[in-house]
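Provided below for reference: sequence and predicted model.
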Protein chains: 2
Amino acid sequence: MPQPAEIRIFYAEMESVFHKILVKHSFSEAKAAVCSRIFADNSLDGVYTHGVNRFPKFVQMVSENYVVGRNEPSKIGGFGALEQWNGNLGPGPNNAIVCTARAMELADANGIGCVALCNTNHWMRGGTYGWKAAKKGYAFICWTNTIANMPGWGAKDSHLGNNPLILAIPKDDEAIVLDMAVSQFSYGAMEKFAMQGKTLPVPGGYDEKGQMTTDPTKVLKTQRSLPIGYWKGSGLSLLLDILAAVLSSGRATYEITEQKVESAVSQVFIAISLSNLHNSSAINTVINNIVRDYHSASPDDSNNAILYPGERVLQTRNKNSVEGIPVNMEVWSEILKLM
Amino acid sequence: MPQPAEIRIFYAEMESVFHKILVKHSFSEAKAAVCSRIFADNSLDGVYTHGVNRFPKFVQMVSENYVVGRNEPSKIGGFGALEQWNGNLGPGPNNAIVCTARAMELADANGIGCVALCNTNHWMRGGTYGWKAAKKGYAFICWTNTIANMPGWGAKDSHLGNNPLILAIPKDDEAIVLDMAVSQFSYGAMEKFAMQGKTLPVPGGYDEKGQMTTDPTKVLKTQRSLPIGYWKGSGLSLLLDILAAVLSSGRATYEITEQKVESAVSQVFIAISLSNLHNSSAINTVINNIVRDYHSASPDDSNNAILYPGERVLQTRNKNSVEGIPVNMEVWSEILKLM
């Protein structure tokens, strides 16, 4: 199948286009600035599925009022270093940035800070908030629940979300950021493999006979994707959902699923201040020593490079900064029509 | 192969035997009481590998002074709700219980509390601390690093630990507790499959040709076990190690590995108070509603029951309470010789 034509759009242009479109769709200048930067950053970092490729769908969600462009998050409860916020169905990336910043403030005052956020919307790429906090010097953990899109272990139908979990820590002036959905592959990733006629590198779900398979078309048909580590990822998904719903007083995966549309999700943001630790001046050396040992392993024959989480992102970011961000021409022309 | 003969030992007897042995091996009465209860509880819950079966090895580590029975943990740093403690090479279960309790105290005062612990020893079963905190009404997250026992993604030799991660939340008078090493199978589990002549239910590592295999004997030979979710568990292991070493100012996996003996590990304990949340009175209902939906999924044909993490533990605990704890006779006679 021929690849659709690709163009390269430079960061500043992409951000400016996103900004104009968001302002036209009820965003204030300030909120459009934050949100357009997040979509452009995600694209620059190579996470196109939650950047430029997702932007038209995001604007559609705004148009249909599932995402309410003008709404701000508000504090609804909490105690000390633990706060509960309501996203008031505002834009997920904006709400998440506010709560990330608030968790860091709480960590400044208390060593550790936690913000749990209900009634928010898809935050796009969870890694955004990990990079943000880690580059400012914090250890950071956050996660979100999602609509049901994965069966539990022993189950045929999906009652669990893929609930992305993010862990981040500073490294030099950048960060190490794990941004991990608890399904082995997203449906988007499996569709891409299928379109390219490729098999998955490891089993991604079940075929119609209930056998695990690396054929993405079969998993797309059964909609029985696999959790990472089978029973382990299944349990992790359930706990992340319970913690998010309980701490935020928000909707659980099953309630989001009942709505049919993925809106009003629940999220948790935990920041830890490193600057007041007794070993704070040694931390960057410690991290680099661990990475040096990790990189020193003998490579296997699989051509899978031994990279720490986020290492490839840095390579892509540099390349896309210089050459422009690759965008499918049809996607870009669809976006330009929203201006 | 014939199964070795098994006897049933009741909880009170097991705890009493452990207690006497620990007192004989430099533990105070108070520390022996805590530690013997943890070993007996783990056995009661069916986690024999980190209960009765591990007890002789634990006493040997005490005898060889890798685990210093009389040493207490001490606070060495921190700020507000975040504290750094030194385990002073004391017994891992005792140190972990102290830090779990301290994290809960910090959560009482601040909403959330975090204790990072360096220079401690193997905590046996991480779930112990999750059950402890969740049964007292806290949401709880903890993890430990370990000696290197798992290759990173793309690597042949082990530079990562299996770094168990625990997430726990109360449910009724009990708890939901995920206690998950980030390797797909422990070497202990694979040895058990191999001894019984069974294949693994899913691939557990690589054979000598670098192919993934469900044959436990081949993985035991290559020592190339698999992380959960392949590249995802590899990244998770690395981040858990970095966070534990940085926050505690303790040893990272590579430093523990250089010692040859798994001692002086690093751990993190995070407790979140649920009682001050604005929705606190509704939380148990929320959790039970989520579990009800999770259980309502259609079972597949695999005979894998749809259980939440910790659900099987409750069944085992009840059975072992009534019938006694099953113990290999040789293991029990080895333990009695330590009295």
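Yes, it's here.

burial of the closest residue in space to A:Arg224 that isn't next to it in sequence, as a residue count?
Across the structure, with CB to CB, 6 or more residues apart in numbering or on different chains as the measure, the residue nearest A:Arg224 apart from its sequence neighbours is A:Tyr206 (4.1 Å). Using the backbone N, CA and C atoms, a C-beta is placed for each residue, glycine as well. Neighbour count for A:Tyr206, taken as other CB atoms under 10 Å in any protein chain shown: 22.

For A:Tyr206, what are phi and psi?
When read as degrees, to the nearest 10, the backbone of A:Tyr206 gives phi -120, psi 150.

Does chain B have contacts with stretch A:289-296?
Yes: where contact is defined by CB under 8 Å from any CB of the partner chain, part of stretch A:289-296 touches chain B, namely A:Asn289, A:Ile290, A:Asp293, A:Tyr294, A:Ser296.

any idea of the mean pLDDT for that stretch?
In this model, stretch A:289-296 has a mean pLDDT of 98.

And the contacts of that stretch?
The set of residues external to stretch A:289-296 that reach it, using CB atoms under 8 Å, 6 or more residues apart in numbering or on different chains, is A:171, A:176, A:306, A:308, B:152, B:159-160, B:238, B:241-242, B:245, B:252-254.

repeat for stretch A:213-226
The list of residues contacting stretch A:213-226 from outside it, by CB under 8 Å, 6+ apart, reads A:149-151, A:156, A:158, A:162, A:183-185, A:187, A:190-191, A:193-194, A:198-208, A:212, A:233.

In helices, which of those fall?
Counted as lying in helices by DSSP state H, out of these, are A:Tyr187, A:Met190, A:Glu191, A:Phe193, A:Ala194, A:Gly233.

And the buried ones among those, selectable in PyMOL?
In PyMOL, a selection of the buried entries from the ones in helices among the contacts of stretch A:213-226 looks like this (16 or more other CB atoms under 10 Å in any protein chain shown):
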select buried, chain A and resi 187+190+193+194+233
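
which of the ones in helices among the contacts of stretch A:213-226 sit farthest apart?
Farthest pair in the ones in helices among the contacts of stretch A:213-226 (CB to CB) is A:Ala194 and A:Gly233. Separation: 22.0 Å.

which among the ones in helices among the contacts of stretch A:213-226 are in contact with chain B?
When contact is defined as CB under 8 Å from any CB, those meet chain B at A:Gly233.

Lowest-confidence entry in the ones in helices among the contacts of stretch A:213-226?
Of all the ones in helices among the contacts of stretch A:213-226, the one the model is least sure of by pLDDT is A:Tyr187, with 88.

Quick check: that one vs chain B, distance?
Going from A:Tyr187 to chain B by CB to the nearest CB, to the nearest Å gives 16 Å.

repeat for A:Gly51
Computed as CB to the nearest CB, the A:Gly51 to chain B distance reads 21 Å.

Of the residues of stretch A:289-296 next to chain B, just say which sits nearest to chain B.
A:Asp293 (3.9 Å; CB to the nearest CB).

wait, is the closest one part of a helix?
Yes: A:Asp293: assigned to a helix according to DSSP: H, G, I helix; E, B strand; the rest coil.

Leaving out the residues flanking it, which one is nearest to A:Asp173?
Using CB to CB, 6+ apart, the nearest residue to A:Asp173 is A:Lys135, at 7.3 Å.

I'd say A:Ala33 and A:Lys20 touch.
No: counting by CB atoms under 8 Å, A:Ala33 stays clear of A:Lys20, with 11.3 Å between them.

Show me which of those two is the more surrounded one.
For A:Ala33 against A:Lys20, the residue with the higher neighbour count under other CB under 10 Å is A:Ala33, and the figures read 17 against 14.

Not counting the one helix or strand the more buried one maps to itself, show me its contacts.
When secondary structure is defined using DSSP states H and E, the element that contains A:Ala33 is helix A:29-44. Among residues not part of helix A:29-44, those counted as contacts by CB under 8 Å, 6+ apart are A:11, A:14-16, A:18-19, A:22-23, A:27, A:48, A:50-52, A:54-55, A:58, A:69-70, A:91, A:93-94, A:97, A:124-125, A:128, A:316-317, A:320-321, A:325, A:327.
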